[in-house]
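Q: requesting a structural model of the entry that follows:
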Amino acid sequence: MEGLELTAFEIISAVGTARSSYIEAIQRAKAGDFEEAKKMIAEGDEMFVQGHHAHAGLLQVEAEQGQGSAVSLIILHAEDQLMSAEGFKTIALEFIDLYQRLEKIEKK
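A: Sure thing, here's the model as predicted:
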């Protein structure tokens, strides 16, 4: 495996780990462990950035070579996973906020 396939798998691996961290953040917030939820968001962000950089590298190569590359299913999957992880972060942050609000209400 080399080139585009390798980069695609790098993206998939990194953003898949990011998405898992964001989901774990929601679970931690649900359990009331907001500090751990924040840590999981930060861990997810680190992995997301790795995937994003790999994706940006693909775009840069295509821009430099000036060629329209044939789109493969693995690249489409990698981009889908990238966008999915980004969406999960947004959802995770909203859930964390919601659980914090609920905790405050329950303490009253």
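
Q: thinking residue 41 is in contact with residue 95, fair?
A: No - between residue 41 and residue 95 there is no contact under CB atoms under 8 Å: 10.8 Å. Every C-beta, even on glycine, is put in place using the N, C-alpha and C of the backbone.

Q: who's more crowded, these two?
A: Legend: neighbour count by other CB atoms under 10 Å for residue 41 and residue 95, higher for residue 41 (21 against 18).

Q: quick check: buried residues in the helix or strand hosting the more buried one?
A: In the assignment (DSSP states H and E), residue 41 maps to helix 34-65. The neighbour-count check on helix 34-65 (16 or more other CB atoms under 10 Å) flags 34, 37, 40-41, 43-44, 47-48, 50-52, 54-55, 58 as buried.

Q: elements contacting it?
A: helix 3-30, helix 73-107 (3 or more CB pairs under 8 Å, 6 or more residues apart in numbering; DSSP states H and E).
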